[in-house]
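Participant: sequence below, structure please.
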Amino acid sequence: MSDVFISYARSTEAQAKQITEALRALGYDVWRDDELPAHRTYADVIEERLKAARAVVVLWSADAARSQWVRSEANRARDEAKLVQLRLDPTALPMPFDQIQCADLANWAGEADHAGWRKIVASIAGLMGASAPTPAALSTAPAATAPPDKPSIAVLPFTNITGGKDEDYFADGMVDEIVTALSRFPALFVIASGSSLAYRDDARGPSDIARELGVRYILDGSVRRSGPRVRISVKLADAIEGAQVWAERFDGEMEDVFALQDAVAEAVAGQLAPAIHAADTRRARERPTSDLTAYDLYLRALHRELDFSPEAIHDTIALLDQALERDPDFARALAFAALMHSIPELLGTSATPEESYRLALELGRRAMSTGSDDDQVVGIVSHVLLWAGEDIKAADTLAERAIALNPRSSFVWWVSGSVKLFDGRPALAIEHWATHLRLDPRSVYQAFITGGTGLALVLMGRLEEALPRLREAVQLLPHHPFHLIGLTAAYAHLGRVDEAKAPLSRLTARQIAYVLGLLRDAGHREIVRSGLALAGADV
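Facilitator: As a prediction, the model looks like this:
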């Protein structure tokens, strides 16, 4: 059995792997749950490994603090006097673990002489009954991802010089728009903005981040707003050579902010791929709206929706309504509003779902009439058709069209995966989500993909593999019925009916009927229906 057991939330898997490899380099036998055997029950293996370990290292993060599994493992370790705690972000530790010494590894990049790392090593050594090993000069960063055979770039979070956290959304929106513009150049491989923005406040240098993301070039910069004026300063670095390639400053009026984004994107692309065709440059210059206030409201809506709660959806719709009052032809806002109105049964928040669907389809048609060559608009509208129960083949056609418009966009692969799942092709859904994660390794849709993959595995009969993914997804998105239904069906088909009743109790009859209706394949629908019936649902 292992010396050290690693407990962590799935969203911090990269850090867990880094710490695991660093401890192994010191000679410890380390176990974490990526080594689960296919023939064993998940909970049995966890309990066995947890009991046998001489030290349990808990990696606290925002998601870990919310995870019942991490808390349970930490509590067991505390009771057995073998708990070692470290913090990966500023989240407050849950009780009673906030009363126990915890090392700070929030900005650790693998340095052997880091104070927090030395504390962890010393604690483990003490539990092993030995003195702490002498720190060695170790390379403990995650294994490099080989850069693709084309110019590759990640745009890191821009510094908000204006000040105030409430202005960060503008800087993030600037990064998102520049990434979107760059992703339209076929000559470039671009990491999606969701993964890029996850590196805010990361103390590591460009070479470490580039190595982790599998890119050669890193673009970072700053945004300063002063009244109607905005200044964007950018630096492009070759992370492999460790050299600055280019730097530039762009000044303009707020009413010309899209022109500034265009100028940055075109200049960076020009440095990386001089042979980019004029037609691609034209497409990268397309403006989503001419109204800057509408655009500001749209950015706020994007941020709010990620909470995926009834309150968040309500607020998102209100922000989009304000944006569309100012610019009724803002295609992306129209498409996003259509999506929000197409999911009433998903959360059970609409007393008149038929009216919500009617409005969603109307907004979707308006979005397509003005943005039919925008891959994001087309991708969102494919989701609208899916959730509103329309022709699944039409939804799939739009998803494929979005991919054809911009195969370097991570978003379109996420959308296509969802359509493929409910069209009866779960293996292809998993494949498309994998492509999404390659383009966006730290995706904001990670929880949705984790739960979607779990449901896909249930439909494929791979129940044991599905369980840990579905449990994690339910912890991260407790309101999402796909994950609750998948977890209920998986437990029930495995004969664990008592455990199936807990997720089932959180579902309404309307949500169950809605999800069963979304499953277009009769065989898949029966797998889910029969699992729910075994758990006691009236279906």
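Participant: quick check: residue 61 touching residue 13?
Facilitator: No. The pair residue 61 and residue 13 fails to qualify as a contact (CB atoms under 8 Å) at a distance of 10.9 Å. Quick note: C-beta positions are derived from backbone N, CA and C, even for glycine.
Participant: pick out whichever of those two has more residues nearby.
Facilitator: residue 61 (22 against 16; other CB atoms under 10 Å).
Participant: for the more buried one, give me the backbone phi and psi.
Facilitator: phi -150, psi 180 (degrees, to the nearest 10).
Participant: same for the helix or strand harbouring residue 503, what does it pack against?
Facilitator: Assigned by DSSP states H and E, residue 503 belongs to helix 497-504. Counting contacts by 3 or more CB pairs under 8 Å, 6 or more residues apart in numbering; DSSP states H and E, helix 497-504 packs against helix 481-493, helix 522-534.
Participant: what comes up buried for that helix?
Facilitator: 497, 499, 500, 503, 504 (16 or more other CB atoms under 10 Å).
Participant: next secondary structure after it?
Facilitator: Using DSSP H and E, the first helix or strand after helix 497-504 is helix 509-518.
Participant: packing partners of that next one?
Facilitator: When contacts are defined as 3+ CB pairs under 8 Å, 6+ apart, helix 509-518 packs onto helix 344-347, helix 481-493, helix 522-534.
Participant: where does this structure have its least confident helix or strand?
Facilitator: helix 278-284 (a mean of 38; mean pLDDT, DSSP states H and E).
Participant: list the buried residues for the helix or strand that that one is followed by?
Facilitator: From helix 278-284 onward toward the C-terminus, using DSSP H and E, the following helix or strand is helix 292-305. Across helix 292-305, burial judged by 16+ other CB under 10 Å covers 292, 294-305.
Participant: check stretch 419-437 too.
Facilitator: Residues of stretch 419-437 classed as buried by neighbour count (16+ other CB under 10 Å): 419-426, 428-430, 432-433, 435-437.
Participant: repeat that for stretch 82-100.
Facilitator: Buried, per 16+ other CB under 10 Å, within stretch 82-100: 82, 83, 84, 85, 86, 87, 88, 89, 93, 94, 97.
Participant: thought residue 436 was touching residue 446?
Facilitator: No. Counting by CB under 8 Å, residue 436 does not reach residue 446; the two are 9.8 Å apart.
Participant: spatially nearest residue to residue 519, not counting backbone neighbours?
Facilitator: Nearest non-adjacent residue to residue 519, counting by CB to CB, 6 or more residues apart in numbering: residue 525, 4.3 Å away.
Participant: just checking, that neighbour touches residue 518?
Facilitator: No. In this structure, residue 525 is not within contact of residue 518 by CB under 8 Å, at 9.0 Å.
Participant: and residue 461, how many neighbours?
Facilitator: A total of 10 residues lie near residue 461 under the criterion other CB under 10 Å.
Participant: same thing with residue 463?
Facilitator: Neighbour count for residue 463, taken as other CB under 10 Å: 21.
Participant: and the one 3 residues further on, by the same measure?
Facilitator: By the criterion of other CB under 10 Å, residue 466 has 27 neighbours.
Participant: between the helix holding residue 503 and helix 509-518, how many degrees?
Facilitator: With axes from the mean of the first three to the mean of the last three CA atoms, to 10 degrees applied, the angle from helix 497-504 to helix 509-518 works out at 100 degrees.
Participant: check the offset of helix 497-504 from the chain's centre.
Facilitator: Distance of helix 497-504 from its chain centroid, counting by CA atoms, centre = their mean, to the nearest Å, is 27 Å.
Participant: ok, now stretch 408-423?
Facilitator: 14 Å.
Participant: same check, this time on stretch 174-183
Facilitator: Relative to the chain's own centre, stretch 174-183 is displaced by 17 Å; criterion: CA atoms, centre = their mean.
Participant: also stretch 436-453?
Facilitator: 5 Å.
Participant: buried residues, that stretch. List them.
Facilitator: So stretch 436-453, judged by 16+ other CB under 10 Å, has buried residues 436-453.
Participant: do a quick rundown of the helices in the stretch 1-150 of the chain.
Facilitator: Secondary structure of the stretch 1-150 of the chain (DSSP state H, counting those that start in this stretch): helices at 13-25, 42-52, 62-66, 68-79, 115-128.
Participant: oh, that last question was meant for the stretch 301-450 of the chain, not what I typed.
Facilitator: 310-326, 331-341, 344-347, 353-371, 375-387, 392-405, 410-422, 426-439, 446-459.
Participant: of these, which is nearest residue 217?
Facilitator: helix 426-439 (15.4 Å; CB to CB).
Participant: now do that closest one: everything it contacts.
Facilitator: By CB atoms under 8 Å, 6 or more residues apart in numbering, the residues outside helix 426-439 that reach it are 190-192, 408-411, 413-414, 416-418, 420-421, 443, 445-446, 449, 452-453, 455-457, 459-460, 524.
Participant: walk me through the domains of this structure.
Facilitator: As assigned by automatic domain parsing, the chain contains the domains 4-128, 152-287, 303-534.
Participant: most tightly packed of the ones you listed?
Facilitator: domain 303-534 (a mean of 20; mean count of other CB atoms under 10 Å).
Participant: first to last residue in that one, what's the distance?
Facilitator: 39 Å (CA to CA, to the nearest Å).
Participant: with stretch 383-402 instead?
Facilitator: End-to-end distance of stretch 383-402 (CA to CA): 11 Å.
Participant: for stretch 516-530, same thing?
Facilitator: 11 Å.
Participant: wait, residue 78 sits on residue 100?
Facilitator: Yes. Under the contact definition of CB under 8 Å, residue 78 touches residue 100, with a separation of 7.2 Å.
Participant: and the buried residues of helix 292-305 as a markdown table, adding distance to residue 203 and pLDDT?
Facilitator: Output for the buried residues of helix 292-305, formatted as a markdown table (distance: CB to CB, whole Å; pLDDT from 0 to 100):
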| residue | distance to residue 203 | pLDDT |
| --- | --- | --- |
| 292 | 34 | 72 |
| 294 | 36 | 85 |
| 295 | 32 | 80 |
| 296 | 30 | 80 |
| 297 | 33 | 85 |
| 298 | 32 | 85 |
| 299 | 27 | 80 |
| 300 | 29 | 83 |
| 301 | 31 | 85 |
| 302 | 27 | 80 |
| 303 | 24 | 75 |
| 304 | 29 | 78 |
| 305 | 30 | 76 |
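Participant: got a markdown table for those, with distance to residue 155 too?
Facilitator: As requested, the buried residues of helix 292-305 are arranged in a markdown table below (distance: CB to CB, whole Å):
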| residue | distance to residue 155 |
| --- | --- |
| 292 | 21 |
| 294 | 24 |
| 295 | 19 |
| 296 | 20 |
| 297 | 23 |
| 298 | 19 |
| 299 | 16 |
| 300 | 21 |
| 301 | 21 |
| 302 | 16 |
| 303 | 18 |
| 304 | 22 |
| 305 | 22 |
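Participant: if we can go back for a sec, between the domains of the chain, which gets the lowest average pLDDT?
Facilitator: Comparing mean pLDDT across the domains of the chain, the weakest is domain 152-287, with a mean of 72.
Participant: what distance separates that domain from the centre of its chain?
Facilitator: Per CA atoms, centre = their mean, the displacement of domain 152-287 from the mean C-alpha position of its chain is 20 Å.
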